[in-house]
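1. got a predicted structure plus its sequence, pasted below:
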Amino acid sequence: RKEVEQDPGPFNVPEGATVAFNCTYSNSASQSFFWYRQDCRKEPKLLMSVYSSGNEDGRFTAQLNRASQYISLLIRDSKLSDSATYLCVVNPFTGKLIFGQGTTLQVKP
Amino acid sequence: GAGVSQTPSNKVTEKGKYVELRCDPISGHTALYWYRQSLGQGPEFLIYFQGTGAADDSGLPNDRFFAVRPEGSVSTLKIQRTERGDSAVYLCASSLDPQGPDTGELFFGEGSRLTVL
């Protein structure tokens, strides 16, 4: 079983749609969680950290469910510029960050 | 520049050759990571340095891969006897504090694309 699992998609949605991505992780001792965004042929960049209480940054909402070892990212009012691969990232408290396979989002006009 | 710098950006080599990939992290970042990424996959962890020492090298696939960071800044990833399966983008990242949710952000370089013919 992979340490971090994501549905690779692709998710094809129209502009203005709301879309949600999920991610599960296997190490229950994991302490830090993140969503990264990666544009085609570019390096990954931090989108947002994920806190236990859930957190929001504009149109983006991240949630963590420790009991189910599950992380989610919700994007409201999708824009064309949101098209990218979204990487779920977990720190199992060993210092290294483990990346999921990524979920590809394609927002269509 | 102020970001993570990786050289070369592209490297084409023949099977069996030796390759070195260099990473210059953000100044002051004590943690440095190497990942590799194949098409359609997420970055795969290779090795992580805290200062000069390798804190975790559990991701190195075999003994052909080796990495150093002798002065706690620049790091070199070394691959001996390259194989076609080593072809990937090798990403380097640095971080201020790998444990913190607020400071654990990894800053990636643009990567070194390795092609083994």
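-> Great, that's in hand.
2. in chain B, which helix or strand is least confident?
-> When the helices and strands of chain B are scored by mean pLDDT, DSSP states H and E, strand B:53-56 comes last with a mean of 90.
3. identify all contacting residues around that one.
-> A:94, A:95, A:96, B:31, B:47, B:48, B:49, B:67, B:69 (CB atoms under 8 Å, 6 or more residues apart in numbering or on different chains). (Each C-beta comes from the backbone N, C-alpha and C, glycine too.)
4. identify each buried residue in it, please.
-> B:54, B:55, B:56 (16 or more other CB atoms under 10 Å in any protein chain shown).
5. how much space between residue B:82 and chain A?
-> Here the criterion is CB to the nearest CB, to the nearest Å. By it, residue B:82 lies 22 Å from chain A.
6. any idea which helix or strand carries that residue?
-> Per DSSP states H and E, residue B:82 falls between elements, in no helix or strand.
7. now do the nearest residue to it once chain neighbours are set aside, the pLDDT please.
-> Nearest in space to residue B:82, with sequence neighbours left out and distances taken as CB to CB, 6 or more residues apart in numbering or on different chains, is residue B:116 at 4.6 Å. For residue B:116, the pLDDT comes out at 98.
8. just send the contacts of strand B:53-56 back as CSV, with pLDDT and secondary structure too.
-> As requested, the contacts of strand B:53-56 are exported to CSV (pLDDT from 0 to 100; DSSP: H, G, I helix; E, B strand; the rest coil):
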residue, pLDDT, secondary structure
A:94, 74, coil
A:95, 74, coil
A:96, 82, coil
B:31, 90, strand
B:47, 96, strand
B:48, 91, strand
B:49, 92, strand
B:67, 97, strand
B:69, 96, coil
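9. and of these, the nearest to residue A:57?
-> Nearest to residue A:57 among these: residue B:31, at 24.2 Å, using CB to CB.
10. any weak-confidence spans in chain B?
-> Within chain B, the segments meeting pLDDT under 70 span B:1, B:98-104.
11. all strands of chain A, in order?
-> Assigned by DSSP state E, the strands in chain A fall at A:4-6, A:11-14, A:19-25, A:32-38, A:45-50, A:55-57, A:60-65, A:70-75, A:84-91, A:98-99, A:103-108.
12. now those in TSV, with mean neighbour count?
-> Shown next, in TSV, are the strands of chain A (neighbours: other CB atoms under 10 Å in any protein chain shown):
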stretch	mean neighbour count
strand A:4-6	20
strand A:11-14	14
strand A:19-25	19
strand A:32-38	22
strand A:45-50	19
strand A:55-57	13
strand A:60-65	18
strand A:70-75	19
strand A:84-91	24
strand A:98-99	24
strand A:103-108	18
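13. make CSV out of the ones you listed and add mean pLDDT and distance to chain B.
-> Formatted as CSV, the strands of chain A follow (pLDDT from 0 to 100; distance: least, CB to the nearest CB, whole Å):
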stretch, mean pLDDT, distance to chain B
strand A:4-6, 96, 8
strand A:11-14, 96, 15
strand A:19-25, 96, 11
strand A:32-38, 94, 5
strand A:45-50, 93, 5
strand A:55-57, 94, 10
strand A:60-65, 96, 10
strand A:70-75, 96, 12
strand A:84-91, 95, 5
strand A:98-99, 94, 4
strand A:103-108, 97, 9
